[in-house]
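Asker: 3D, please:
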Amino acid sequence: MLKNLTTTRVGGPAQHMVTATSEAELAHAVAAADAAGQDVLLIGGGSNLVISDDGFPGVAVQIATRGLHLDEQPNGKVLLRAAAGENWDATVEYSLAEGLSGLEALSGIPGCTGATPVQNVGAYGADVSQTLAWVRAYDRESDQVLKLDNAELGFAYRDSLIKRTSTNGSPRYVVLEVAFLLARENESAPIRYAELARRLGVEAGDRANALQVRQTVLELRRSKGMVFDIKDADSHSTGSFFTNPIVESSVLDKLPPNAPNYPVEQAGFVKLSAAWLIDQAGFSKGYGLEGTGGFALADGRASLSTKHTLAITNRGEATAQDILAIARSVRAGVQERFGIELVNEPLLIGEVL
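Answerer: Modelled structure (predicted):
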């Protein structure tokens, strides 16, 4: 069952299943499926997938490649190359153990390294576009391995060329290896997130010890159920189910004056807090559990996390439909209350909101 390969623990069987432990196996599995006219589902850490209870009527390819390498560069820089199947947090931990900084604020994010450039994974004021040098990927259309540098990947908020470009409904580019350009130093990158800066006792924009930043980020994430733990039902989720909406600045006139908002590069637009919108629309932590509202939606099998309103969790026996029932209720409530449509962050396989 595919649910065993995801952090939300929902999803039926695949028609065919392949585990690729090398780049050659990965490219071959995808190419063979394409040649046979079969749909392809790529699975890394399974932390960004909600798979239908009916399963997947095609070839599911589990990416299980391994390898971490360091290439010394001029001016105290180091290129960290990681195979797509490497666990992301293990990659961050490895970088710090080697005396490198730049990835520390991205500690604790579940999933594999090859998935990080797909949606420009980010947290606590950092994202992978800030350090990523290049990606090597198998191009399903040309049947070739290409190297795409940072500029070619067209990064945006939770978005990239890889995410936007598809072949037969799944990514055209299959990530094989990712390279990050990091600094050989003990100090972190500048701290851009106010909550993290407060915890570290520094001003926003200052630096701190990189190892201390990692530990503080892990503590923050665990307190919100955002570090996967088999014993913690609040972590049995895809992390943030909805992205923070980017809206025209004029929308702020229709919101309460205390609505959190953040600047973005696009002139005339701001980013809102999806968690705040959800809470203010009446969906508190634990929504879906008895006594918190909406219990009939999923009979308590699924709920918003009791630690964070952005995560929709499997309390033990949830189905994909249970997870989506919570998501639909929350999205409809925010739309009704604020006129803002939330967009799901995880991929929905065989399902729609």
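Asker: Tell me the confidence at the closest residue in space to residue 314 that isn't next to it in sequence?
Answerer: Nearest residue to residue 314, sequence neighbours excluded (C-beta to C-beta, 6 or more residues apart in numbering): residue 236, at 4.4 Å. In this view, the C-beta of every residue, glycine as well, is placed from N, C-alpha and C. According to the prediction, residue 236 has pLDDT 97.
Asker: didn't residue 236 look like it was pressed against residue 8?
Answerer: Yes. Residue 236 lies in contact with residue 8 (C-beta atoms under 8 Å); the separation is 6.0 Å.
Asker: Common neighbours of these two, please.
Answerer: Shared contacts of residue 236 and residue 8 (C-beta atoms under 8 Å, 6 or more residues apart in numbering): 313, 314.
Asker: Show me which helix or strand of the protein is least confident by mean pLDDT.
Answerer: Ranked by mean pLDDT, DSSP states H and E, the weakest helix or strand in the chain is helix 295-298, scoring a mean of 68.
Asker: give me phi/psi at the nearest residue to residue 139 once chain neighbours are set aside?
Answerer: Using C-beta to C-beta, 6+ apart and skipping residues adjacent in sequence, the residue nearest residue 139 is residue 146, 5.2 Å away. Torsion angles at residue 146 (phi, psi; degrees, to the nearest 10) stand at phi -120, psi 160.
Asker: what do you get for residue 96?
Answerer: According to degrees, to the nearest 10, residue 96 has phi -70, psi -40.
Asker: where's it relative to residue 47, distance?
Answerer: For residue 96, the distance to residue 47 equals 21 Å [C-beta to C-beta, to the nearest Å].
Asker: For the top helix by length along the chain, name the packing helices and strands.
Answerer: Longest helix in the chain, counting residues (DSSP state H): helix 320-338. With contacts defined as 3 or more C-beta pairs under 8 Å, 6 or more residues apart in numbering; DSSP states H and E, helix 320-338 has these neighbours: strand 49-51, helix 274-280, helix 295-298, strand 302-304, strand 312-314.
Asker: circling back to that earlier point, what residues are up against the residue nearest to residue 139?
Answerer: Contacts of residue 146 (C-beta under 8 Å, 6+ apart): 136, 137, 138, 139, 173.
Asker: Out of the residues you listed, the closest to residue 59 would be?
Answerer: residue 138 (14.7 Å; C-beta to C-beta).
Asker: Confirm that the closest one sits in a strand.
Answerer: Yes. Judged by DSSP: H, G, I helix; E, B strand; the rest coil, residue 138 forms part of a strand.
Asker: Contacts only, for it.
Answerer: Residues counted as contacts of residue 138 (C-beta under 8 Å, 6+ apart) are 23, 26, 27, 30, 31, 144, 145, 146, 173, 174, 176.
Asker: Quick one: closest of the helices and strands packed on helix 320-338 to residue 153.
Answerer: strand 49-51 (21.4 Å).
Asker: Having no further points to raise, I will conclude here.
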